[in-house]
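Undergrad: Okay, structure incoming, though there's no sequence with it:
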């Protein structure tokens, strides 16, 4: 089955730790995205990538880092510099970044800072 | 900066009723628009995409329209069912932009 997988589903982090969230897609999509969702809020874009080895900051990139070494994979690292990392993180992908592109979402990772 | 407002924030209707969800953008220059559904604790499921050259899209009991002159979109759900209960999110992009700006969603409850 084609789709987007995210792991883990739940993640707990201690203060000062870096953690990495996994996102994999087998849809052969060029573009991938990371969003953050807080309770009662809309999704906010953290980073996006249009092609392998290239990525751009979104609205709230501070305290996060990404890599795009393979087309299928777009991991997100939440660093200790992110002051309020507790949130629901969603990964998405699309064929490209043109106006006909539907974004498809993974099931999400819920990160909690202890 | 583009902002998206969804009204109402929550809606409860009896099963079988037709309903309309609203979405408005502060910048009416919307290039394309998507409606999504989100179940509790889950990711988003794309429902409808209105491309830049379109004004309306239909899928089964769902119909979405976009008035680009006013920057408003509506999602019409016909003959609602309990399985339609979820949060519905709209998101749009401006011309020349790939970045989706999301509303906060409308939480729909369909009562059997």
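TA: Received the coordinates, thanks. None of the values given here were measured: they were computed from a predicted structure.
Undergrad: Please count neighbours and contacts with C-alpha atoms only from this point.
TA: Noted.
Undergrad: in stretch A:58-72, what counts as buried?
TA: A:58, A:61, A:63-68, A:71-72 (16 or more other C-alpha atoms under 10 Å in any protein chain shown).
Undergrad: Show me those residues that map onto helices.
TA: Using DSSP state H, no member of those falls in helices.
Undergrad: which of the residues you listed lies closest to chain B?
TA: Distance ranking of these against chain B, using C-alpha to the nearest C-alpha, places residue A:58 first at 8.2 Å.
Undergrad: The closest one and residue A:36 touch, don't they?
TA: No. Residue A:58 lies out of contact with residue A:36 (C-alpha atoms under 8 Å); the separation is 10.8 Å.
Undergrad: okay, and the common contacts of the two?
TA: A:45-46 (C-alpha atoms under 8 Å, 6 or more residues apart in numbering or on different chains).
Undergrad: any idea which helix or strand of chain B has the worst average confidence?
TA: strand B:30-38 (a mean of 89; mean pLDDT, DSSP states H and E).
Undergrad: Quick one: low-confidence residue ranges for chain B.
TA: The model of chain B has pLDDT under 70 over residues B:96.
Undergrad: Spell out which residues belonging to it are near chain A, please.
TA: Contacts of chain B with chain A, taken as C-alpha under 8 Å from any C-alpha of the partner chain, map to B:31-32, B:34, B:42-46, B:49, B:51-52, B:89, B:98-99, B:101-105.
Undergrad: so of these, which ones are in strands?
TA: In strands, judged by DSSP state E, the following of the residues of chain B next to chain A are found: B:31-32, B:34, B:44-46, B:49, B:89, B:101-102.
Undergrad: what's the closest of the residues you listed to residue B:70?
TA: Residue B:70 lies nearest to residue B:31 out of these, by C-alpha to C-alpha, at 12.7 Å.
Undergrad: Count residues in the vicinity of the closest one, would you?
TA: 20 (other C-alpha atoms under 10 Å in any protein chain shown).
Undergrad: That one reaches residue B:99, doesn't it?
TA: No. Shown here, residue B:31 and residue B:99 do not form a contact pair, counting by C-alpha under 8 Å, at 10.8 Å.
Undergrad: Can you name the residues that contact residue 55?
TA: Just so you know, I chose chain A. Here residue A:55 is in contact with A:47-49, A:66-68 (C-alpha under 8 Å, 6+ apart).
Undergrad: That was the other one, I meant chain B.
TA: By C-alpha under 8 Å, 6+ apart, the neighbours of residue B:55 are B:65-67.
Undergrad: hmm, back to that, what strands flank the least confident helix or strand of chain B, and is each parallel or antiparallel?
TA: strand B:44-50 (antiparallel), strand B:86-94 (antiparallel) (DSSP bridges).
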